[in-house]
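# fold the following, please.
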Amino acid sequence: MKTLYEIWSWFRSLGIAFIVAFCISLFVFQPFKVSGHSMDPSLHDKQYLIVNKFPHTFSYLPNYSDIVVIDSRIDRKRTFKDDLMEFPLLQFLTSGSDPIFYVKRVIGKPGDSLKFKDNQVYRNGVALDEAYIKEAMKYSSDQKVVVPDKHIYVMGDNRNNSKDSRSIGFIPLDHVMGKKFP
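Alright, predicted model coming up:
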């Protein structure tokens with residue numbers, strides 16, 4: 001009987017630890033793996049980072065130049081079920097599939113006007129000083145982009161090798177999974 005009680009005690013402790021870990025990763029911190037070279041030289045392929053999930057949990061805007069993890073499936077509404085199904089252990093088990101989470105840098109917030117000319121990004125008419133980018137961006141556009149309400153505009157630090165808001169569009173705030181910690 002004593003052995004059975006000891007086994008039950010271990011299972012109960014492991015169960016409580018799992019629930020606490022699950023809640024922490026759902027609402028507070030979560031590990032993510034960088035996939036690809038779009039954030040070189042700041043972050044590298046297969047590098048792990050810890051993400052502060054408070055921006056996602058409390059729906060607040062990240063700051064300019066923050067490194068964020070986004071859900072790239074912007075054509076669909078995110079639900080609480082998505083958050084539950086994306087538990088970190090499942091990410092490690094499915095690392096071979098196409099990544100849906102991208103690691104990018106915040107360039108524009110709601111209401112910002114962005115222009116891409118002379119291989120540089122202009123926000124609200126002012127050229128950005130971006131010491132973190134890998135090399136000069138080889139992208140220009142005559143179009144002015146205005147970030148809509150409740151969205152952000154993101155780009156990779158390796159501008160010439162990045163799938164970001166230039167190709168996937170504006171990122172809804174509920175698709176910002178969190179920001180890099182610290």
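
# strand partners of the longest strand along the chain, parallel vs antiparallel please.
Looking across the chain with DSSP state E, the single longest strand is strand 101-108. Sheet pairing of strand 101-108 (DSSP bridges) gives strand 67-71 (antiparallel), strand 151-155 (antiparallel).

# what residues does the helix or strand just after the last one touch?
Under the assignment DSSP states H and E, the closest C-terminal helix or strand after strand 151-155 is helix 165-168. Contacts to helix 165-168, defined as CB atoms under 8 Å, 6 or more residues apart in numbering, come from residues 72, 74, 104, 107-108, 116, 139, 153-155, 171. Using the backbone N, CA and C atoms, a C-beta is placed for each residue, glycine as well.

# stretch 49-65 too?
25-32, 34, 43, 67-69, 83, 103, 105-107, 109-110, 123, 132, 152, 173-174, 176-181.

# what about the residues you listed, which are in strands?
In this view, these that belong to strands under DSSP E are 29-32, 67-69, 103, 105-107, 123, 152, 176-181.

# and the pLDDT for residue 159?
With respect to pLDDT, residue 159 has a value of 92.

# likewise residue 91?
You'll see residue 91 listed with a pLDDT of 53.

# cool, and the one 3 residues further on?
In the prediction, the pLDDT value recorded for residue 94 is 49.

# which one of the strands paired with strand 101-108 lies closest to residue 20?
Nearest of the strands paired with strand 101-108 to residue 20, taken as CB to CB: strand 67-71 at 22.2 Å.

# residues in contact with the closest one?
Strand 67-71 has contacts (CB under 8 Å, 6+ apart) with 32, 39, 42-43, 49, 51, 55, 62, 78, 82, 100-106, 152, 154, 171, 175-180.

# run through the bridge partners of the residue positioned nearest the centre of the chain.
The chain has residue 69 as the residue nearest its centroid, 0.6 Å off, counting by CA atoms, centre = their mean. Taking DSSP bridges as the rule, residue 69 bridges to residue 103, residue 178.

# buried ones in the helix or strand that contains residue 4?
Per DSSP H and E: residue 4 is located in helix 2-27. Buried positions in helix 2-27, judged by neighbour count with 16 or more other CB atoms under 10 Å: 25-26.

# how many other residues sit next to the residue nearest to residue 30 when sequence neighbours are not counted?
Residue nearest to residue 30 in three dimensions, not counting chain neighbours: residue 51, with 5.2 Å by CB to CB, 6 or more residues apart in numbering. Residues lying near residue 51 (other CB atoms under 10 Å) number 24.
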